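J.: Turn this into a model:
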Amino acid sequence: MTTPPSTDHILRTFTDFFRERGHELITGSTLLPPPTDPVLFTTSGMHPLTPYLEGRRPHPQGRRLVNVQRCLRTSDLDEVGDPTHLTMFEMLGSWSLGDYDHSQSLRWGYELLRDGFGVLPERMYVTVFGGGEEVGPDSESLDTWRELGLPVEPTRDENWWSHGPVGLCGPDSEIFLWTGDPDTPPQGTPTADPRWVEVWNHVSMRYRRHEDGSLQPLQQPSVDTGMGLERLVTVLQGHDSVYDSDLFEPWMRLLPPLWNPDGPSPRLVCDHLRSGIVVIGDGVRPSNTGRGYVLRRLIRRALTTLWRGDPSRTLVDLPEEVLSHTLDHFRQSCGTGPVREVLLDEERRFGRLLERGRRVLGRPEFEGPLSDDDYHYLHDTHGLPRDLVTTLRTP
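T.: Okay, here's the model as predicted:
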């Protein structure tokens, strides 16, 4: 493609492709799972569809579904700031709930990448499940890819998908795109060359694993595909980092000149504030427990990074454009004013906590190394969490 596609174009191309093939577009907006779900935030596109994938009941919109689901994960917070990891992201998903088979899903995946997004077939590589102790090789996927003419690498654990220690599982097939020099022919295989970037996972949900470790074939085999929007956008737009894509364009244009943090810090600040804005837009407010604590942690990690370089920096200066750009992209109608107020109120609260923390930690009894009892006392008595105490004591 001569002109890099915009994120909006990529989204429309994906959803239109599957709707033309009989898939119903389902609501996949809010980060908040149903009230009966114990998790704090939706972490994947298939998460809300688990009862239907298990065949417990039919989905009200049919057996072919497509959606765009925003997700939030806190497990990778320490890796945020590198070219790929984000706290909050969007998943493009398509599903066959006991309708078409895995081979059909792979064929459509190839067709969309080639014809919809203009990816040259010679820039694609796929991996399939090569078999294990319990289940043989995924011959169906292997034959399909070979018929389509794509190179295939069989693997073992890398191409076995599971929802957890127990529950839905099955072999998957991953599609990789070459991100090396466009003038250099692709080299190696996906497991040997990191320039092959996995963009789309097609899971054949055929089994349920029980607590004793045994596998039970599902009465209704289904297909679940997931593709990270931000990673796809980065690859299709020809960037090395998601922060260089149009998803972060106003953030990376306006914030570094404003605050000028060093190293990967601009990315962390952009990620955490952008994620926080979306969480606020979904109705969450900072607190000391649950979802509110995740939001509080995101805002305070961003502030800690900003204040490390200059304590006078303030979210009052946060440009209106980054607020409106984020809310518009995620189709949130709460308005920039209420979101800004939540951010500024949390900034004031955190500032007061830091002042109190410095006074407490300045006492003689806290001059040397701290014990676990000291950390418990500082948290329970003064509201100072361990990571904040560590930050305040770092020169």
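J.: and the residue nearest to Leu232 when sequence neighbours are not counted, backbone torsions?
T.: Distances taken as CB to CB, 6 or more residues apart in numbering put Val199 closest to Leu232, at 5.3 Å, once the chain neighbours are dropped. Backbone N, C-alpha and C define where each C-beta goes, glycine included. Here is the backbone geometry of Val199 (degrees, to the nearest 10): phi -120, psi -20.
J.: Val199 and Glu230 touch, don't they?
T.: No - with contact defined as CB atoms under 8 Å, Val199 and Glu230 do not form a contacting pair (10.6 Å).
J.: These two: who's more crowded?
T.: Taking neighbours as other CB atoms under 10 Å, Val199 and Glu230 compare with Val199 leading, 23 against 20.
J.: From Pro190, how far off is the more buried one?
T.: 11 Å (CB to CB, to the nearest Å).
J.: quick one, what contacts Arg57?
T.: Counting by CB atoms under 8 Å, 6 or more residues apart in numbering, Arg57 makes contact with Pro51.
J.: tell me the secondary structure for Met227?
T.: strand (DSSP: H, G, I helix; E, B strand; the rest coil).
J.: Next, count neighbours for it.
T.: For Met227, using other CB under 10 Å, the count is 22.
J.: What's opposite it in the beta bridge?
T.: Counting by DSSP bridges, Met227 is bridged to Leu92.
J.: Cross-check the contact I'm expecting between it and Trp200.
T.: Yes - under the criterion of CB under 8 Å, Met227 makes contact with Trp200 at 4.3 Å.
J.: other SSEs contacting whichever strand or helix holds Cys270?
T.: In this structure, Cys270 sits in helix 265-281 according to DSSP states H and E. Here helix 265-281 touches strand 64-72, strand 88-96, helix 249-259, helix 290-309, helix 320-329, helix 336-361, going by 3 or more CB pairs under 8 Å, 6 or more residues apart in numbering; DSSP states H and E.
J.: Which of the three states applies to the residue nearest to Pro151 when sequence neighbours are not counted?
T.: Ranked by CB to CB, 6+ apart and with sequence neighbours excluded, the top spatial neighbour of Pro151 is Tyr125, at 5.2 Å. Using three-state DSSP, the structure places Tyr125 in strand.
J.: Surely Tyr125 is in contact with Gln187?
T.: No - between Tyr125 and Gln187 there is no contact under CB under 8 Å: 10.5 Å.
J.: quick one, which of these two is more surrounded?
T.: Per other CB under 10 Å, whichever of Tyr125 and Gln187 has more neighbours is Tyr125, with 22 against 11.
J.: Bridged to that one, which residues?
T.: The partner residues for Tyr125, given DSSP bridges, come to Phe176.
J.: wait, is Arg57 part of a strand?
T.: No - secondary structure of Arg57, determined by three-state DSSP: coil, with no strand assignment.
J.: Distance of it relative to Asn67?
T.: To Asn67, Arg57 is 18 Å away according to CB to CB.
J.: what angle do the helix holding Cys270 and strand 64-72 make?
T.: For helix 265-281 against strand 64-72, the angle by axes from the mean of the first three to the mean of the last three CA atoms, to 10 degrees is 120 degrees.
J.: which parts of helix 265-281 are buried?
T.: Buried residues in helix 265-281, counted by 16 or more other CB atoms under 10 Å: 265-281.
J.: Stretch 47-65 now?
T.: For stretch 47-65, using 16+ other CB under 10 Å, the buried residues are 47-49, 52-55, 59, 63-65.
J.: Could you report the separation of the residue nearest in space to the middle of the chain from Arg73?
T.: What sits nearest the mean C-alpha location of the chain, by CA atoms, centre = their mean, is Phe89, with 3.8 Å. Phe89 sits 8 Å away from Arg73, going by CB to CB.
J.: Likewise for Asp310?
T.: 30 Å.
J.: go on, His379?
T.: His379 is 25 Å from Arg73, by CB to CB.
J.: do Gly81 as well
T.: 15 Å.
J.: what about these two, which has more around it?
T.: Gly81 (20 against 15).
J.: thought the more buried one was touching Leu268?
T.: Yes - if you go by CB under 8 Å, Gly81 and Leu268 touch, sitting 4.5 Å apart.
J.: sorry, back to before: residues touching the residue nearest to Leu232, list them.
T.: Contacts of Val199 (CB under 8 Å, 6+ apart): 175-177, 227-228, 231-232, 235.
J.: Sweet, I'm off.
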